[in-house]
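Student: starting from these lines, generate the structure:
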Amino acid sequence: MKAGCKVVALASLLLIFAFGLLYSGRSVSAASAGQITGTVKLDGTAPHQKPIDMAKEPSCAAVHKDKPLTTESVVAGANGGLANVVVYITQGLTGNEPVSTQPVEINQKGCQYLPHVVAVDAGQHVKIVNSDQTSHNIFSQSTKSPAWNKSQPPGAPPLDVTWNNEEIAIPVKCNVHPWMHAYIAVVKGPYGVSDDSGSFKLDNVPPGNYTLTAWHETYGTQTQTVTVAAGKPATVSFTFKAK
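Tutor: Numbers count the residues shown, from 1 in each chain. Purely as a prediction, here's the structure:
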């Protein structure tokens, strides 16, 4: 009887020890995740962005009456920061990175796609919203996933869409309002998109050596190598030459 009790006690201790190791391993893994931060600059003067005539859609023109909308192919800040650059990892990932469960939102407001450029993980949900008083017709011009064309009248529920194949980047346009353009970059693994100051950030990057690619709709791509240490941020910078 005493021997049986000892066996049960030993088994319990081993079980507790195993759970401890499992919990400890997960904690170390979470703590070891790194981060890549950086900036994207434009070397030179940004090209003039043309004003958009929305006279044929008065409800949208009214949204921009105080600040007329212009094209968005090159958006540069006062400090030379270049916006709408997608930064993602092209080499070094294991291929087992989880897909984010948080959907990315694209809003059609004032006959403009907000934001103009988004990045999503392959399989990550995208919610497309129509906040306007007019209908839109969203045309996803993908070449690596099925292309589609969907109408979205005012007050319609958001469209819930995904793309399962990597593609840099998918042009999106509205067939009703030809000036409406956006890009969706479908990647695998951590990604970031530069803001108006040119800043970007990639979270939850495991320690390792990586090749980063920066993509811009007008200036193409650049690559850099970077090393991420456990629990520490790595910093990189990209510079595109204005033309």
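Student: so what touches stretch 218-230?
Tutor: Under the criterion CB atoms under 8 Å, 6 or more residues apart in numbering, residues 31-32, 34-36, 73-74, 90, 168, 205-215, 234, 236, 238, 240-241, 243 lie in contact with stretch 218-230. To be clear about C-beta, it is placed using only N, CA and C from the backbone, and glycine gets the same treatment.
Student: look at the residue most central in space within the chain and give its secondary structure.
Tutor: Centroid-nearest residue in the chain, with CA atoms, centre = their mean: A119, separated by 2.5 Å. Put simply, A119 is strand when judged by DSSP: H, G, I helix; E, B strand; the rest coil.
Student: okay, and the beta partners of it?
Tutor: A185 (DSSP bridges).
Student: please tell me how far it sits from F200.
Tutor: Distance of A119 to F200, given as CB to CB, to the nearest Å: 10 Å.
Student: would N79 count as being in a helix?
Tutor: No - assigned with three-state DSSP, N79 falls outside any helix and is coil.
Student: could you find the closest non-adjacent residue to it?
Tutor: S197 (6.5 Å; CB to CB, 6 or more residues apart in numbering).
Student: is it true that that neighbour touches G77?
Tutor: Yes - if you go by CB atoms under 8 Å, S197 and G77 touch, sitting 5.3 Å apart.
Student: so where's this protein shaky on pLDDT?
Tutor: Along the chain, segments meeting pLDDT under 70 span 1-31.
Student: recalculate using a threshold of 90.
Tutor: 1-33, 78, 94-101, 230-233, 243 (pLDDT under 90).
Student: that one: helices as residue ranges?
Tutor: Using DSSP state H, the helices of the chain run over 2-32, 58-63.
Student: which residues are contacting the last one?
Tutor: It refers to helix 58-63. Everything outside helix 58-63 that qualifies as a contact, by CB under 8 Å, 6+ apart, is 54-55, 109-112, 132-134, 177.
Student: and the two most separated of those?
Tutor: A55 and K109 (18.5 Å; CB to CB).
Student: neighbour count winner among these two?
Tutor: K109 (13 against 7; other CB atoms under 10 Å).
Student: against Q141, how distant is that one?
Tutor: Distance from K109 to Q141, by CB to CB: 21 Å.
Student: could you do D196 as well?
Tutor: D196 is 26 Å from Q141, by CB to CB.
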